[in-house]
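[1] What follows is a protein structure lacking sequence information:
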């Protein structure tokens, strides 16, 4: 899951030093693929249409868009990270794709109003200090009747089992505090509605970490942060990690976060 870089200023230089991302859940890829499949089906691109992926990373979804819209359509990605942008350009060239890529971010899309029939924005809003600005930008570049799917995590839905409930609560609270816009998943319908779009459907998928990895990198790192914050002790952290390792061995373990996808359209 290397589509996204760890640095938050890929989206928002005012954001926190991002320490949390769904790529920390090592078994999340199947869930992300299923949500992406839902997104592509919801957008239902047709030949000759124009589509944009905001925060396009290494370009995989833009290349899929280009195939869907065909030679008479257009598919573009917007990505502020120059390394990811370069990777996307190379990837498109290797695939002999018509996908195009532009430098830009969710706050200032380098296109005129009413430019696109469809838009995708995946795992960007959780990094934004001003998500309403991004929602307004999406609405601006969509043509009347155009549709968008916005997908993001809601870190308030994180589940860590087993472990002492109070310790787990403090670890999840630390995780939430380490994210610029941690509850972005639940806020998407409201943000898009306030931007003048009409919500048509909401999908979701719980991204579940492979049970065999025990606590995994995410809980290991965030629990250390909880100790540093003084909300749990080192002994409580050690016990939590031991409980998770034991749970992995016995099969009684569950670590997950839920991602939400919202389909909306711009009124004609």
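    Good, I have the coordinates. All figures in this text were calculated on a predicted structure; none of them were measured in a lab.
[2] pLDDT below threshold where in the stretch 1-150 of the chain?
    1-29 (pLDDT under 70).
[3] how about the strands in the stretch 101-250 of the chain?
    Ranges of strands within the stretch 101-250 of the chain are 116-122, 142-161, 198-208, based on DSSP state E, counting those that start in this stretch.
[4] Highest mean neighbour count out of these?
    strand 116-122 (a mean of 25; mean count of other C-beta atoms under 10 Å). C-beta: built from backbone N, CA, C; applies to glycine.
[5] by contact count, what packs against that one?
    Under the contact criterion of 3 or more C-beta pairs under 8 Å, 6 or more residues apart in numbering; DSSP states H and E, strand 116-122 touches helix 29-43, strand 50-54, helix 60-69, helix 131-141, strand 142-161.
[6] one step back: possible to save the strands of the stretch 101-250 of the chain as a markdown table with distance to residue 243?
    Listed next are the strands of the stretch 101-250 of the chain as a markdown table, based on distance: least, C-beta to C-beta, whole Å:
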| stretch | distance to residue 243 |
| --- | --- |
| strand 116-122 | 33 |
| strand 142-161 | 9 |
| strand 198-208 | 18 |
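[7] coming back round to it: and the helices and strands packed on strand 116-122 as JSON lines, adding distance to residue 78?
    Output for these, formatted as JSON lines (distance: least, C-beta to C-beta, whole Å):
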{"stretch": "helix 29-43", "distance to residue 78": "16"}
{"stretch": "strand 50-54", "distance to residue 78": "5"}
{"stretch": "helix 60-69", "distance to residue 78": "9"}
{"stretch": "helix 131-141", "distance to residue 78": "10"}
{"stretch": "strand 142-161", "distance to residue 78": "13"}
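[8] for the ones you listed, which one sits closest to residue 203?
    helix 29-43 (4.8 Å; C-beta to C-beta).
[9] which residues are in contact with that closest one?
    With C-beta atoms under 8 Å, 6 or more residues apart in numbering as the contact definition, helix 29-43 has outside contacts at 1, 22, 51, 61, 64, 68, 118, 120, 122, 147-149, 151, 200-201, 203, 205-208, 259, 261, 263.
[10] In it, which residues are buried?
    Buried residues in helix 29-43, counted by 16 or more other C-beta atoms under 10 Å: 31-32, 35-36, 38-40, 42-43.
[11] and if you look at stretch 256-268?
    256-266.
[12] Show me which of those residues is closest to residue 173.
    Residue 173 has its nearest neighbour among the buried residues of stretch 256-268 in residue 257, at 14.1 Å by C-beta to C-beta.
[13] How about the closest one: what's its closest non-neighbour residue?
    Leaving aside its chain neighbours, residue 257 sits nearest to residue 158 (4.8 Å; criterion: C-beta to C-beta, 6 or more residues apart in numbering).
[14] With residue 234 instead?
    Per C-beta to C-beta, 6+ apart, closest to residue 234 is residue 227, 5.5 Å.
[15] Ok, residue 110 next?
    residue 104 (4.5 Å).
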